[in-house]
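# Coordinates only, no sequence provided:
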Ligand SMILES: [Zn+2]
């Protein structure tokens, strides 16, 4: 059987909803990257355990900054999502 490969192209601005899932209780938090009031939480709202500040705040903060700058470029930036099955 032939391997099928599909590519879906999205405008970078469409990557606005990021979901952060707690490793302890599984609660997911949706973060809107397009909303400048979005703050990456220090603690899980489900079980109150602290998120690893360095990895979560650092990485998601960097993504949030990248989202803002790439979404505001005069030139359209898109990403390809490749699905193989
Ligand atoms: Zn939790």
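Structure's in. What do you need? Note that the structure is predicted; figures quoted are calculated from it, not measured.
# Show me the helices in the protein, by range?
58-71 (DSSP state H).
# That one against the ion: which residues are in contact?
Taking Cβ under 5 Å from the ion as the contact definition, the chain meets the ion at 22, 24, 25, 27, 44, 46, 47. C-beta coordinates here come from the backbone N, C-alpha and C atoms, glycine included.
# Show me what counts as buried in the lowest-mean-pLDDT helix or strand in the chain.
Least confident helix or strand, the chain: helix 58-71 with a mean of 91, by mean pLDDT, DSSP states H and E. Across helix 58-71, burial judged by 16 or more other Cβ atoms under 10 Å covers 60, 64, 67, 70, 71.
# what's the answer for stretch 19-37, then?
Applying a neighbour-count criterion of 16+ other Cβ under 10 Å, one finds 22, 31, 33 buried in stretch 19-37.
# Identify the residue spatially nearest to the residue most central in space within the chain, adjacent ones excluded.
When Cα atoms, centre = their mean is applied to the chain, the residue found nearest the centroid is residue 18 (3.3 Å). Nearest residue to residue 18, sequence neighbours excluded (Cβ to Cβ, 6 or more residues apart in numbering): residue 31, at 4.8 Å.
# Was I right to think the one you found contacts residue 19?
Yes - taking contacts as Cβ atoms under 8 Å, residue 31 lies within contact range of residue 19: 7.4 Å.
# where does the chain dip in pLDDT?
1 (pLDDT under 70).
# one more time with 50, if that's ok
Nowhere does the chain drop to pLDDT under 50.
# how about the strands in it?
Per DSSP state E, the chain carries strands over the ranges 5-11, 17-21, 28-32, 78-84.
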